[in-house]
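A.B. asks: coordinates only, sequence not included:
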Ligand SMILES: [Zn+2]
Ligand SMILES: [Zn+2]
């Protein structure tokens, strides 16, 4: 399977163990795939799966299961089958590859030339307990740009603070 977000060691030895693969963004207990491994590749395979933001759980292999090391069975209902469940705001653009759900980019466009280009998006990484966050990126055309991630709570307070500052800048006499 070429569309998996991880690569297992290339090895055709008889598998001696199985690794259950779970997508942490899905309801607990929804098995997404099983990887079959030999003793020698068990650690490498588990690390590759973890590095892809997935949960790897080693389980004993039933002796009746004759599989080769490196074989992956993808459950058709699981997120690795290509039907990852996305939040409603996600733009669904290769979320597994970028390891995050992202909303469409919202440019902070004032209709004028500004020194810094700002963009905001919603982001949710595909790791366990990942929260939805607001990403604010500033591009000044000189440096590579700066990205700030904040919680939704911080974003709400920031909106409030910005309003206060804008009101203050309007200069009403107090
Ligand atoms: Zn192996
Ligand atoms: Zn998504």
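C.D. replies: On my side now, so go ahead. The model shown is predicted, which means the values in this text are computed figures rather than measured ones. Ligands and ions are numbered 1, 2, ... in the order given.
A.B. asks: tell me which residues of the lowest-mean-pLDDT helix or strand in the chain are tucked away?
C.D. replies: Across the helices and strands of the chain, the lowest-confidence element by mean pLDDT, DSSP states H and E is helix 95-98, at a mean of 77. Across helix 95-98, burial judged by 16 or more other CB atoms under 10 Å covers 95, 96. Using the backbone N, CA and C atoms, a C-beta is placed for each residue, glycine as well.
A.B. asks: Next, see if that helix gets close to ligand 2.
C.D. replies: Yes. Using CB under 5 Å from the ion, we find that helix 95-98 touches ligand 2 at residue 95.
A.B. asks: Listing partners with orientation, what would you give for the longest strand seen in the chain?
C.D. replies: Ranked by residue count under DSSP state E, the longest strand found in the chain is strand 117-125. With DSSP bridges as the test, strand 117-125 is paired with strand 100-102 (antiparallel), strand 106-107 (antiparallel), strand 133-139 (antiparallel).
A.B. asks: now those strands in TSV, with distance to residue 73, mean neighbour count and mean pLDDT?
C.D. replies: TSV is the format used below for the strands paired with strand 117-125 (distance: least, CB to CB, whole Å; neighbours: other CB atoms under 10 Å; pLDDT from 0 to 100):
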stretch	distance to residue 73	mean neighbour count	mean pLDDT
strand 100-102	25	22	90
strand 106-107	40	10	86
strand 133-139	33	17	92
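A.B. asks: How about the closest residue to residue 61 other than its chain neighbours: which residues does it bridge to?
C.D. replies: Leaving aside its sequence neighbours, residue 61 sits nearest to residue 18 (CB to CB, 6 or more residues apart in numbering; 4.6 Å). For residue 18, the beta-bridge partners are residue 36, residue 59 (DSSP bridges).
A.B. asks: which residues touch residue 136?
C.D. replies: Counting by CB atoms under 8 Å, 6 or more residues apart in numbering, residue 136 touches 118, 119, 120, 147, 148, 150.
A.B. asks: which residues sit in contact with the second one?
C.D. replies: Okay, so that is residue 119. Here residue 119 is in contact with 105, 106, 107, 108, 136, 137, 139 (CB under 8 Å, 6+ apart).
A.B. asks: Now do the nearest residue to the third one once chain neighbours are set aside against ligand 1, distance only.
C.D. replies: This means residue 107. Ranked by CB to CB, 6+ apart and with sequence neighbours excluded, the top spatial neighbour of residue 107 is residue 119, at 5.3 Å. Residue 119 is 44 Å from ligand 1, where distance means CB to the ion, to the nearest Å.
A.B. asks: Report the beta-bridge partners for residue 119.
C.D. replies: Beta-bridge partners of residue 119, as defined by DSSP bridges: residue 107, residue 137.
A.B. asks: Show the model's pLDDT score for it.
C.D. replies: pLDDT, residue 119: 91.
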